[in-house]
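>>> requesting a structural model of the entry that follows:
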Amino acid sequence: MNTWFIADEHYFHKNVIKYCNRPFDTVEKMNNALIIYHNETVGENDTVYHLGDFAFLRKDQIMKLNKIMERLSGNHILILGNHDESHPFIYLKMGFLSVHTSLFVDEFLLIHDPSHAVVADENQKVLCGHIHQISKFIGNNILNVGVDIWNYRPISIETVRETFNQRNDD
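Numbering: from 1, shown residues only. A predicted model of the protein is given here:
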């Protein structure tokens, strides 16, 4: 059983392809590629923390996500992002095990928007999304786990730890 982190998939968001210069011709190709990359990485018994902006859909379209969730390997936990606008119970019905605004997992604080991080200790390690390809790190303690930084794949907790250790060694 492994632990994975990912953010900003933006399933069904046509304009994110242009905004983030994603290498996909259509939203359907992007959705399928994200699912393939996810399943090549994540095992059936693994836990995946989605740090927000899982999809970009109007509330009346949100049930389209059932087809995405049915295809994704692993057990899923959602940290709400600014585009995850449905009621948390809707996400639970789709297959997320739990839904949060923030969460501690081991030594990491999980949030979506790094500007919402309340860090009282400069050693607190924070994982976020929201900023797409702008930067891998904000300062020394906030790591972006978004798909636009990590080749459209979830990253393991071991990779997160190694990345922080490398950052602190610099």
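>>> which stretches of the protein form helices?
Applying DSSP state H to the chain gives helices spanning 14-19, 27-41, 65-71, 88-94, 157-169.
>>> where among the ones you listed is the average confidence lowest?
Mean pLDDT is lowest for helix 88-94 out of the helices of the chain, coming in at a mean of 86.
>>> other SSEs contacting that helix?
Using 3 or more CB pairs under 8 Å, 6 or more residues apart in numbering; DSSP states H and E as the contact criterion, the elements in contact with helix 88-94 are helix 65-71, strand 96-100. Glycine gets a C-beta too; all of them are placed from N, C-alpha and C.
>>> out of the ones you listed, nearest to N165?
strand 96-100 (26.3 Å; CB to CB).
>>> helix or strand with the lowest mean pLDDT in the chain?
Least confident helix or strand of the chain, by mean pLDDT, DSSP states H and E, is helix 88-94 with a mean of 86.
>>> for stretch 94-107, measure first residue to last.
Stretch 94-107 has an end-to-end distance of 28 Å (CA to CA, to the nearest Å).
>>> on that earlier part again, how about residues contacting the least confident helix or strand of the chain?
Under the contact criterion CB atoms under 8 Å, 6 or more residues apart in numbering, helix 88-94 has outside partners 62-63, 65-66, 69, 78, 80, 84, 98-99.
>>> same question for stretch 127-142.
With CB under 8 Å, 6+ apart as the test, stretch 127-142 has contacts from 5, 7-8, 19-21, 49, 51-53, 81-82, 108-114, 117, 119, 122-126, 143-146, 148-149, 160, 163, 167-168.
>>> great, nothing more from me.
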